[in-house]
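Engineer: With the input below, show me the fold.
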Amino acid sequence: MNNPASEPEYRPCVGIMVLNRDGLVWMGRRFDDSRSYNMGELWQMPQGGIDPGEEPVEAALRELYEETSIKSIEILQESQDWFKYDLPSEIAKTGWRARYRGQIQKWFAVRFEGTDDEVDILDPGNGDKPEFDQWKWVPMADVPGMIVAFKRGVYESVVGEFADLANES
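Structural biologist: You can find the predicted model right below:
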């Protein structure tokens, strides 16, 4: 799967695995009404849509800043493949005006070179609406267990692809 255009029913997106100097992964808890779907606490890594004409790496840097205010990073690796997941039907009917059945994502691993006080999830970069109400650093092995079930396969693949980076702190 080299081109997201080959999957028109999937929204083209990026995801960013932010690793600190200790090899821990940044996770944020969603600050939206998704809990109304009885999915529990919604932790995830930063992710978001690719704008028309935007390259995936540009979208990754933009989304990371818009969601976390993080700018002090070094790009370590880009995923070899695009990963996709389907939304549960109750979300797909209302999410993104029911245009997509899920997302297809290109993932990037980055090393955070700043300090924790650079992270601002409540007043994030570019003045965007906050997407997270909490955040924390976690061991990479814990990441898939923190994500909602319908995204877990993607997160397991991403962790598998970037696992060696946690040890390069």
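Engineer: ok, the closest residue to E63 other than its chain neighbours - how many residues close by?
Structural biologist: Of all residues not flanking E63 in the chain, G48 sits nearest, at 3.7 Å (CB to CB, 6 or more residues apart in numbering). Backbone N, C-alpha and C define where each C-beta goes, glycine included. Neighbours of G48 under the rule other CB atoms under 10 Å: 21.
Engineer: go on, D123?
Structural biologist: Residues contacting D123 under the criterion other CB under 10 Å number 9.
Engineer: From P130, how far out is it?
Structural biologist: Distance, D123 to P130, by CB to CB, to the nearest Å: 7 Å.
Engineer: you'd agree the residue nearest to E63 is in a strand?
Structural biologist: Yes. With the criterion set as DSSP: H, G, I helix; E, B strand; the rest coil, the secondary structure at G48 is a strand.
Engineer: Counting neighbours, what do you get for G127?
Structural biologist: Summarising burial for G127: neighbours were counted as other CB under 10 Å, giving 7.
Engineer: Check the gap between it and T68 for me.
Structural biologist: Distance of G127 to T68, computed by CB to CB: 14 Å.
Engineer: ditto for Y10
Structural biologist: Summarising the geometry, the distance separating Y10 from T68, computed by CB to CB, is 24 Å.
Engineer: swap in E9?
Structural biologist: When CB to CB is the yardstick, E9 and T68 sit 29 Å from each other.
Engineer: Mind checking which of these two has more residues around it?
Structural biologist: Applying other CB under 10 Å to E9 and T68 shows that T68 carries more neighbours, namely 24 against 12.
Engineer: so the more buried one makes contact with P124?
Structural biologist: Yes. Taking contact to mean CB atoms under 8 Å, the distance of 6.2 Å between T68 and P124 places them in contact.
Engineer: what pLDDT does the residue nearest to E63 get?
Structural biologist: Looking at G48, its pLDDT reads 95.
Engineer: helices or strands next to the longest strand along the chain in the packing?
Structural biologist: Longest strand in the chain by number of residues (criterion: DSSP state E): strand 73-86. Strand 73-86 makes packing contacts with strand 10-19, helix 56-68, strand 102-112, helix 149-162 when contacts are defined by 3 or more CB pairs under 8 Å, 6 or more residues apart in numbering; DSSP states H and E.
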